[in-house]
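J.: After the sequence you'll find the predicted model.
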Amino acid sequence: MTDMRRWFWLGAVLLLCVFLYVLHPILSPFLVGILLAYLADPLVDKLEKWKLSRTWGVVVVFALFTLLLVLALLVLIPMLAKQLVSLYQMAPQMLDWLQHTALPWVQTRLGLAEGFWKFDQIKAAISSHMGQTTDVVGVILSQATASGLALMAWLANFVLIPVVAFYLLRDWDLMMAKIRSLLPRQREGQIVRLAGECHEVLGAFVRGQLLVMLALGVIYATGLMLVGLQLGLLIGVVAGLAAIVPYMGFVIGIGSAIIAGLFQFGLDPFHLIAIVAVFMIGQALEGMVLTPLLVGDRIGLHPVAVIFAILAGGELFGFTGVLLALPVAAVIMVLVRHMHDLYKDSNIYAGSEDPDL
């Protein structure tokens with residue numbers, strides 16, 4: 001590669017970084033739309049194989065997604081809102097239980113000094129806030145009214161997402177073909193091969209892990225509700241969402257479920273063992289059935305790399321960075337893999353036959 005080409009690609013990368021930094025506040029709906037189009041493209045391709053036009057295939061997929069969203073709004077969202085209100089109202093009681101029951105027990109076992117735990121100020125603050133209003137919706141609406149412009153911008157972005165996703169999904173194959181036609185002719189095969197590997201890694205992780213998250217959320221929520229845990233649905237959904245990083249959903253879910261179980265059931269061994277069993281069954285199903293079936297073994301994204309990518313993206317570009325974190329991590333992983341192969345095949349690794357080197 002000549003110096004001119006090096007400077008060209010370096011300038012292009014720097015320009016892209018500046019573009020993302022300057023415009024990241026408005027990029028979120030477009031990135032979400034791209035993500036939705038990317039996820040739905042295989043479904044539309046299958047419908048095209050069934051002799052359905054591209055536009056009608058997109059319409060069918062959007063109708064299916066809309067139906068699922070409506071069902072979620074009518075069934076799941078009210079149940080989650082009810083449990084959030086219950087959690088909001090139970091917070092002072094949970095702090096009382098934590099201060100007078102749980103922490104004294106820990107203090108006795110660990111031999112800590114008297115008065116080591118102090119929750120009076122936190123409890124007083126929460127109690128005073130509860131005294132001001134018990135209407136969570138009223139609090140949310142008051143905050144939204146105070147920032148009306150921000151609310152309007154959020155609604156505009158929310159409406160923009162399906163519009164962007166629809167047109168991108170309809171023209172997805174055409175855009176991919178045009179991008180491929182712009183690739184350097186000598187490097188087209190290599191770039192397409194690398195892009196295919198990135199697509200394989202990213203597609204396996206995003207599509208597969210989303211299905212794993214959904215399945216684990218259903219397993220955890222159903223199991224905890226059958227056990228009788230009052231906040232079972234909320235904890236199950238949170239644990240399922242946290243499963244985007246392997247094992248994080250399990251740790252967050254079982255920790256919060258045991259704390260909620262201790263508060264609700266005390267030291268009753270039957271309920272505590274049942275709560276642990278729910279997460280053990282979910283973890284076993286994830287490792288032996290869900291991940292091999294839905295994700296496969298071609299991901300290559302280590303859990304630590306996923307955590308670092310998400311945190312780094314959020315720190316640099318906020319929510320936009322979180323959306324970009326996994327695609328960028330997948331591309332970097334593929335490039336690092338090829339650099340590793342090139343290094344293994346190089347004279348630097350094997351040793352040069354030239355004595356002067």
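T.: Here it is on my side, so go on.

J.: CA atoms for contacts and neighbours, from now on please.
T.: OK.

J.: Please work out which helix or strand belonging to the chain has the smallest mean pLDDT.
T.: helix 136-146 (a mean of 49; mean pLDDT, DSSP states H and E).

J.: pLDDT below threshold where in the stretch 251-357 of the chain?
T.: Under the criterion pLDDT under 70, the flagged ranges of the stretch 251-357 of the chain are 295-303, 319-320, 323, 351-357.

J.: Kindly report the same for the stretch 101-250 of the chain.
T.: The model of the stretch 101-250 of the chain has pLDDT under 70 over residues 109-154.

J.: What residues does I258 make contact with?
T.: 272, 275-276 (Cα atoms under 8 Å, 6 or more residues apart in numbering).

J.: what does stretch 308-322 contact?
T.: Identification of contacts with stretch 308-322 by Cα under 8 Å, 6+ apart yields 20-21, 24-25, 27-28, 31, 323-326, 329.

J.: how far is it from where the chain is centred?
T.: Put simply, stretch 308-322 sits 12 Å off its chain's centre (Cα atoms, centre = their mean, to the nearest Å).

J.: buried set for it?
T.: Residues 309-310, 313-314, 317-322 are the ones in stretch 308-322 that count as buried (16 or more other Cα atoms under 10 Å).

J.: Now that stretch - C-alpha only, CSV.
T.: Provided in CSV are the C-alpha atoms of stretch 308-322 (Å, rounded to 0.1, in the frame of the first residue of the first chain):
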residue,chain,number,x,y,z
PHE,A,308,-15.9,-3.8,27.4
ALA,A,309,-17.3,-2.9,24.0
ILE,A,310,-20.7,-1.9,25.4
LEU,A,311,-19.2,0.2,28.3
ALA,A,312,-16.7,1.9,26.0
GLY,A,313,-19.3,2.7,23.4
GLY,A,314,-21.6,4.1,26.0
GLU,A,315,-18.9,6.2,27.5
LEU,A,316,-17.7,7.6,24.1
PHE,A,317,-21.0,8.2,22.3
GLY,A,318,-23.8,7.5,24.8
PHE,A,319,-26.7,5.3,23.5
THR,A,320,-25.4,5.6,19.9
GLY,A,321,-22.1,4.1,21.1
VAL,A,322,-24.0,1.2,22.7
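
J.: any idea what L183 is structurally, helix, strand or coil?
T.: Following DSSP: H, G, I helix; E, B strand; the rest coil, L183 is assigned to coil.
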